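A.B. asks: following is a predicted model, sequence given first.
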Amino acid sequence: MCKISEKIVYVGVNDFRKVIFEGMWPLPFGVSYNSYLVLGEKIALIDTAEADFAAEYMENIRKALEGRKVDYLIVNHMEPDHSSLMSIVRDAYPEVKIVCNAKTVPMIKGYHGITDNLLVVKDGESLSLGSCTLTFYMTPMVHWPETMVTYFQEEKTLFSGDAFGTFGAPDGGITDSSARLSGSTDAAGSTFEAFRDEMYRYYSNIVGKYGQTVQAALKKLSGLEISRICSTHGPVWEKDIPEVLACYDRLSRYEGEKGVCIVYASMYGNTARAAKALAAELEKRGVAYAMHNLCTENVSYAYRDTFRYGTLVVGAPTYNNDIFPPAYSFMYGVSARLMKNRHFAAFGSFTWAGASVKLLNEMALRLGFDLISDGLSFSQAYSAEKCDMAALADTIARL
Ligand code: FEO
């Protein structure tokens with residue numbers, strides 16, 4: 001629990017217990033479930049937290065309120081990491097009104113069986129807490145259909161739900177004037193820089209498919225004067241707002257930086273040797289790259305760098321006359337995220353008949369990627385003669 005301003009108190013929690021978020025994504029630096037109290041003459045609680053943290057969360061609220069009651073629970077987003085404690089809040093404050101939009105109503109009933117004491121708001125509608133005015137803006141599909149944001153007019157504060165969120169739990173404070181990434185040994189400059197990799201990973205893993213609706217939300221909110229962003233995950237942004245807005249804008253436009261994401265999967269090491277040869281050739285030419293082995297690391301990081309870099313190179317051997325499954329699964333995820341605007345090349349080994357490179361190219365073409373090579377399909381053991389990574393690196397360096 002900590003005070004952000006005279007009228008806003010942070011009552012969220014850090015989670016260092018969960019190893020895998022949503023059953024898929026690693027959390028090496030933890031994650032926070034952010035929740036806030038707005039203290040007017042009436043009191044609003046904005047979102048809740050994950051189910052495992054009921055005791056710590058309710059204690060934070062009790063400490064902050066010193067005997068006062070929660071009048072409104074505002075539900076910006078119904079995903080259970082933010083709504084699981086709704087019933088417990090209602091048990092503690094039976095008169096609380098749950099403020100939500102029409103799309104949230106059936107979800108509240110479905111998850112909690114709650115159908116009464118709901119205050120359904122529309123786009124642009126406001127709620128007065130006395131000296132504090134909260135206005136609600138619908139931002140559908142960022143990244144669920146019911147997502148909305150809450151704007152606290154007097155403090156120019158945007159409670160943004162998952163938008164502008166990041167993996168990684170803040171340490172040393174909640175606002176970006178003091179927050180650091182828990183467990184990180186990097187001596188990064190700003191708080192944004194400390195969290196940037198985890199923000200890329202959060203966006204690409206969780207929100208990535210919804211670039212178009214994130215762009216619509218950014219456009220819709222662009223008229224608001226914003227001096228503070230209170231997201232549901234990660235630091236409260238004050239001084240680094242321009243960097244955070246630019247980051248979400250760039251990611252949701254699928255705009256890649258100059259550089260290469262090499263993603264590969266290998267059965268007996270030949271496709272891996274080709275991947276490493278490409279990395280060495282890129283290094284010689286001073287081209288930035290990241291490389292991910294899908295057989296040994298979670299695909300979360302490969303998605304992060306696919307969103308980061310403008311060129312994607314995928315390596316997979318042929319398996320059952322098809323793409324080796326880890327690489328197929330990765331490309332399926334790239335397709336599911338409606339990835340755009342990438343240069344693309346494929347490579348991979350086969351023993352008696354090559355199929356993977358041709359099939360990877362077809363997947364890339366369906367996404368509208370720019371094929372910068374016919375692909376490097378080679379038989380049996382890797383060699384530079386059979387798989388000319390120097391030529392591919394030359395092509396990439398010229399992009
Ligand atoms: Fe953090 Fe979409 O929930």
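C.D. replies: Yes, it's here.

A.B. asks: so who does residue 375 touch?
C.D. replies: 345-347, 357-358, 360-361 (Cβ atoms under 8 Å, 6 or more residues apart in numbering). For the C-beta atoms, the positions are set from N, CA and C on the backbone; glycine is no exception.

A.B. asks: so what's it closest to, chain neighbours aside?
C.D. replies: Spatial nearest neighbour of residue 375, chain neighbours left out: residue 357 (3.7 Å); criterion: Cβ to Cβ, 6 or more residues apart in numbering.

A.B. asks: pretty sure that neighbour is touching residue 379, no?
C.D. replies: No: using Cβ atoms under 8 Å, residue 357 is not in contact with residue 379, being 11.7 Å away.

A.B. asks: who's more crowded, the two?
C.D. replies: residue 357 (26 against 14; other Cβ atoms under 10 Å).

A.B. asks: OK, contacts around the residue in the stretch 151-300 of the chain that the ligand sits nearest to?
C.D. replies: Residue nearest to the ligand within the stretch 151-300 of the chain (Cβ to the nearest ligand atom): residue 162, separated by 4.4 Å. Residue 162 makes contacts with 77, 79, 142-143, 147, 206-207, 231-233, as judged by Cβ under 8 Å, 6+ apart.

A.B. asks: look up how far residue 244 lies from the closest residue to residue 117 other than its chain neighbours.
C.D. replies: Using Cβ to Cβ, 6+ apart and skipping residues adjacent in sequence, the residue nearest residue 117 is residue 97, 5.4 Å away. Distance of residue 97 to residue 244, given as Cβ to Cβ, to the nearest Å: 31 Å.

A.B. asks: the residue nearest to residue 117 - how many residues pack around it?
C.D. replies: What residue 97 shows, counting by other Cβ under 10 Å, is a neighbour count of 18.

A.B. asks: touching, residue 261 and residue 294? I think so.
C.D. replies: No: the pair formed by residue 261 and residue 294 falls short of the contact definition of Cβ under 8 Å, at 12.0 Å.

A.B. asks: find the residues that touch each one of these two.
C.D. replies: residue 302.

A.B. asks: against which helices or strands is the helix or strand that contains residue 274 packed?
C.D. replies: Applying DSSP states H and E as the criterion places residue 274 in helix 270-284. Helix 270-284 is packed against strand 257-264, strand 289-293, strand 309-315, strand 343-350, strand 376-379, helix 389-397, with contacts defined by 3 or more Cβ pairs under 8 Å, 6 or more residues apart in numbering; DSSP states H and E.

A.B. asks: need the ones you listed in a markdown table with distance to residue 369, can you?
C.D. replies: Shown next, in a markdown table, are the helices and strands packed on helix 270-284 (distance: least, Cβ to Cβ, whole Å):
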| stretch | distance to residue 369 |
| --- | --- |
| strand 257-264 | 12 |
| strand 289-293 | 17 |
| strand 309-315 | 7 |
| strand 343-350 | 4 |
| strand 376-379 | 16 |
| helix 389-397 | 14 |
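
A.B. asks: between the ones you listed, which one is closest to residue 114.
C.D. replies: For residue 114, the closest of the helices and strands packed on helix 270-284 is strand 289-293, at 43.0 Å, according to Cβ to Cβ.
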